[in-house]
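Student: Attaching a predicted model along with its sequence, questions to come.
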Amino acid sequence: MSKTEENVIHKAVVEKTIKRRYHIYFWLIYFLFNVIRWGSYFNDYWYSFKSNMVEFPLHLVIVYFNIYYLIPNYLLKKKYISYVAFLLFSLGIHYVVRSGLNYWLITENIWPEAQGENEPFGLNHIIAVVLGELYVLALTFSIKISVDFIMERNKNQQLTELQYKTELEYLKAQIQPHFFFNTLNNLYALTMQKSSKASEVVVKLSEFMQYIIYDASKRKVPLIQEIQYIDNYIELENIRYGNQLKTEINIVGCIDDVLVTPLLFLPFVENAFKHGFKDRGEMSLSVSFEVDNEALIFIAENSYDKEASSRSKNGIGIKNVERRLQLLYNKNYKLKISNDNDIYKITLKIPTI
């Protein structure tokens, strides 16, 4: 048994994680089963009911003593000799009390299923009672550990999902200030130039804020809405650079019903502007979205300038998106980044379902 499994079992034994009503249901079913079983065996249901009324409280005492005291304090702490000693002592007390109560309250024939009359405290009877009680102890412990292990596993799965969700939200939160920072830099440059385009940037920036506040907080958004957001970003860059940019957005296939995670593609576009301007101040950017066979293929292709790339600060964009892809799709996505002949190309394929 691994250390993790041992910790889970120890925690499950110590904590009363099973609701009380399920304990009641179990013992009622167990009691009725025993009454019917032995009543049918002896053809005396009244005797079976009386004997089980005597034995049933004793089952409860030794079962819960074993589960909530002996096992966590001795067995799971590897104090095996102490555990066996205390368990045998408990079984001995249980046998004496059970046999005595049956003998004095129910019948002097304390072992009616055996042949002939049997005296109490005989070796065979002791063995039979102890084995029967060990069966009850093993059954109840197995049920509790199985139920608690499943509950602990489900709890761990929920915690893992919450951790992933929290990390995704954190990654998304990292992206938003990053884009605003770049846009404000653009706005600052235009105001320094006293350009009339500054007012257009303010309008576009307000649209950005609206998208971030009301739409990007959603788990999924329509692909067409994300494309419009990318188009707004490109327009902002067009305002800043004017005729120096050559951009296009292509859509292939029907995208009406396609939903995507917000802000998943924009970092690639932002990365293109950061690394794509050549010394002569020109840049080309082509973005395409293709829906085919329950998959969405995103391609961003732009001119690449090594010097511009070396001058740029290391951003969080691409690494951020790669981590989000891992969390969202595990291994069910394909991301390829290439740089050939001063052309930087990103190809991303994700499922649409």
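Tutor: Yep, that arrived. Numbers count the residues shown, from 1 in each chain.
Student: what's in contact with the one helix or strand Q228 maps to?
Tutor: Using DSSP states H and E, Q228 maps to helix 223-241. Here helix 223-241 makes contact (Cβ atoms under 8 Å, 6 or more residues apart in numbering) with 179, 183, 186, 189-190, 197, 200-201, 204-205, 207-208, 211, 215, 245, 247, 249, 251, 255-256, 258-260, 262-266, 269-270, 273, 277, 281, 283, 285, 287, 289, 296. C-beta here means a position set from N, CA and C on the backbone, and glycine is covered the same way.
Student: Quick one: name whatever helix or strand follows that helix.
Tutor: Next along the chain after helix 223-241, with elements defined by DSSP H and E, is strand 245-252.
Student: Average pLDDT for that following strand, rounded please.
Tutor: Across strand 245-252, the average pLDDT comes to 89.
Student: again with stretch 65-75
Tutor: Regarding stretch 65-75, the rounded mean pLDDT is 87.
Student: what distance separates that stretch from the middle of the whole chain?
Tutor: 31 Å (Cα atoms, centre = their mean, to the nearest Å).
Student: which of the residues in it are buried?
Tutor: Buried residues in stretch 65-75, counted by 16 or more other Cβ atoms under 10 Å: F65, N66, I67, L70, I71, P72, Y74, L75.
Student: Kindly check the end-to-end length of it for me.
Tutor: End-to-end distance for stretch 65-75, by Cα to Cα, to the nearest Å: 13 Å.
Student: any chance of the buried residues of stretch 65-75 in TSV, with secondary structure and distance to Y30 too?
Tutor: Below are the buried residues of stretch 65-75 laid out as TSV (DSSP: H, G, I helix; E, B strand; the rest coil; distance: Cβ to Cβ, whole Å):
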residue	secondary structure	distance to Y30
F65	helix	17
N66	helix	16
I67	helix	15
L70	helix	20
I71	helix	20
P72	helix	23
Y74	helix	25
L75	helix	23
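Student: Format the residues you listed as CSV; extra columns: distance to Y229.
Tutor: Output for the buried residues of stretch 65-75, formatted as CSV (distance: Cβ to Cβ, whole Å):
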residue, distance to Y229
F65, 64
N66, 62
I67, 58
L70, 63
I71, 58
P72, 56
Y74, 63
L75, 60
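Student: ok, those vs L137, which is closest?
Tutor: N66 (5.4 Å; Cβ to Cβ).
Student: Distance check, the closest one against E133.
Tutor: 10 Å (Cβ to Cβ, to the nearest Å).
Student: go on, I353?
Tutor: 55 Å.
Student: Just the ones in strands from the contacts of helix 223-241, please.
Tutor: Counting by DSSP state E, the part of the contacts of helix 223-241 found in strands is L245, T247, I249, I251, L259, V260, M283, L285, V287, F289, L296.
Student: Need the max-distance pair from these.
Tutor: Longest span within the ones in strands among the contacts of helix 223-241, Cβ to Cβ: L259 and M283, 30.8 Å.
Student: Have a look at those two and say which one is more surrounded.
Tutor: Ranked by neighbour count (other Cβ atoms under 10 Å), L259 and M283 place M283 first, with 22 against 16.
Student: Now that the more buried one has come up, it's in contact with L245, right?
Tutor: Yes: the pair formed by M283 and L245 meets the contact definition of Cβ atoms under 8 Å, at 5.7 Å.
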